[in-house]
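1. Below are the sequence and a predicted model; questions follow.
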Amino acid sequence: MEKFPLLKSKKKLKVLVIGYGSIGKKHCEILKKISSSIHVLTKQKVKNFNKIISLKKAKDLNPDYIVIASKTNTHFRFIKFIEKNFLNKKILIEKPIMEKYRPLQLRKNEYFVGYNLRFHPVILFLKKFILKKKINYIDINCLSYLPNWRKGIDYKKSNSAEKSGGGLLLELSHELDYVSWLFGRMHHIYSLNKKISNLKISTDDILIFIGKNYKNSIVHIAMNFFSRLHKREIIIEGNNFSCKADIFNNKVLVINDKKKKIYNFKKNIKTTYFKQHLAILNGKKKSLCTVDSALSTLKEIKKIKSFK
């Protein structure tokens, strides 16, 4: 992993991670680079970290930083617990913020939502590249094969396969987040979201979305859980250029009438999580996803699901 600057504060950081599934374990391992005092609220077996088994113990711990990395349909309960029992804490809620839209009024603590792809070098490059450019069309493709997502875990028993908080739209809501962060909120024109494959899941496995932003750029998003053609890319067509951003392979191709140029970036998805944590803890909010932004994404998901 790359080396990063130290936290601004010299105080020993006390961290509470809620949940110890695949994403909870990932956060714990990454946070070891920041803190030696990591506590995990879970009923599972925990290695190399301090285990807490009750909310009372979590309250008594009085952590400085809290990461909600439990199942999506438990997030709301833990958010309410934090608001009731803590003050002036920094909180990261794993995406999606909840399994369905609910209005939230959070005033006692500072909350952010874990759309870590905002810290991916390809996305950060695009954020600067598209400034003041006329964009006509955006084509986003995110193709993956759910059974290969998590080594050693039966995909049929994973959170991704459960209606209570999984499914394609929630699991891959990164695309809905970054398309709005980069290009502005989308006006929904058409969408198709359903299950069409033979995957043994009870949730949706495909999305086709067409919309436009406030500058009348047309956006097309295609995502699925059943493709063995591993792909996560963004194609942008402007008046004077074409651009293909490959998130999986960490490179961007830019073509105009005069030249073609390829930009390559270092590959390490864990770096995006690390930079996200540091941004929260050091108060650098520019690339962080706010609760309001995450709720807007849930509203868009609700609209897509209800479209006939």
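-> Cool, got the structure.
2. Give me the neighbour count for Cys289.
-> 27 (other CB atoms under 10 Å). (Glycine included, C-beta is placed from N, CA and C.)
3. now the least confident helix or strand in the chain by mean pLDDT, how far from the chain's geometric center?
-> Least confident helix or strand of the chain, by mean pLDDT, DSSP states H and E, is helix 168-171 with a mean of 90. Here helix 168-171 is found 10 Å from its chain centre; the criterion is CA atoms, centre = their mean, to the nearest Å.
4. repeat for stretch 127-147
-> Taking the mean of its C-alpha atoms, stretch 127-147 sits 16 Å from the chain's own mean (CA atoms, centre = their mean).
5. Local confidence estimate at the nearest residue to Phe226 once chain neighbours are set aside?
-> Take Phe226 and drop its neighbours on the chain: the residue closest to it by CB to CB, 6 or more residues apart in numbering is Ser197, 3.8 Å away. Per-residue pLDDT puts Ser197 at 95.
6. same deal with Asn268?
-> 78.
7. State the distance from it to Phe274.
-> 9 Å (CB to CB, to the nearest Å).
8. Comparing these two, which shows the higher neighbour count?
-> For Asn268 versus Phe274, neighbours defined as other CB under 10 Å are more numerous around Phe274 (19 against 14).
9. Backbone dihedrals for that one, please?
-> phi -60, psi -50 (degrees, to the nearest 10).
10. what sits against the nearest residue to it once chain neighbours are set aside?
-> Spatially, and ignoring its direct neighbours in sequence, Phe274 is nearest to Ile30 (5.4 Å; CB to CB, 6+ apart). By CB atoms under 8 Å, 6 or more residues apart in numbering, the contact set of Ile30 is 270, 273-274, 277.
11. Can you tell me the element Ile30 falls in?
-> Ile30 belongs to helix 22-31 when elements are defined using DSSP states H and E.
12. The helix or strand following that helix: partners in the sheet, and parallel or antiparallel?
-> Heading C-terminal from helix 22-31, the first helix or strand you meet, by DSSP H and E, is strand 37-41. Paired strands of strand 37-41, with direction, are strand 14-18 (parallel), strand 50-52 (parallel) (DSSP bridges).
13. between the longest one and helix 22-31, how many degrees?
-> So the one you mean is strand 14-18. Orientation check (axes from the mean of the first three to the mean of the last three CA atoms, to 10 degrees): strand 14-18 against helix 22-31 gives 170 degrees.
14. mind listing the strands for the protein?
-> 14-18, 37-41, 50-52, 65-68, 90-94, 110-114, 135-145, 187-194, 206-212, 218-224, 226-238, 242-246, 251-255, 260-264 (DSSP state E).
15. Just the buried residues of the longest one, please?
-> To tie it back to what came earlier, the one meant is strand 226-238. Using 16 or more other CB atoms under 10 Å as the test for burial, strand 226-238 gives 226-227, 232-236, 238.
16. again, but for the second one
-> Taking 16+ other CB under 10 Å as the basis for neighbour counts, the residues of strand 37-41 that come out buried are 38-41.
17. just how off-centre is the longest helix seen in the chain within its chain?
-> For the chain, the longest helix by residue count, based on DSSP state H, is helix 291-306. Here helix 291-306 shows a centroid-to-chain-centroid distance of 14 Å under the convention CA atoms, centre = their mean.
18. Restricting to C-alpha, output that helix in PDB.
-> What follows is helix 291-306 as a C-alpha-only set of coordinates in PDB (Å, rounded to 0.1, in the frame of the first residue of the first chain):
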ATOM      1  CA  VAL A 291     -25.800  12.300   3.600                       C
ATOM      2  CA  ASP A 292     -27.900  14.500   1.400                       C
ATOM      3  CA  SER A 293     -26.200  13.300  -1.700                       C
ATOM      4  CA  ALA A 294     -26.600   9.600  -0.700                       C
ATOM      5  CA  LEU A 295     -30.300  10.200   0.000                       C
ATOM      6  CA  SER A 296     -30.700  11.700  -3.400                       C
ATOM      7  CA  THR A 297     -29.200   8.500  -4.900                       C
ATOM      8  CA  LEU A 298     -31.700   6.500  -2.900                       C
ATOM      9  CA  LYS A 299     -34.500   8.700  -4.300                       C
ATOM     10  CA  GLU A 300     -33.200   7.900  -7.800                       C
ATOM     11  CA  ILE A 301     -33.100   4.200  -7.000                       C
ATOM     12  CA  LYS A 302     -36.700   4.400  -5.800                       C
ATOM     13  CA  LYS A 303     -37.700   6.200  -9.000                       C
ATOM     14  CA  ILE A 304     -36.000   3.500 -11.100                       C
ATOM     15  CA  LYS A 305     -37.600   0.700  -9.300                       C
ATOM     16  CA  SER A 306     -41.100   2.200  -9.600                       C
END
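19. No further queries at this time; thank you.
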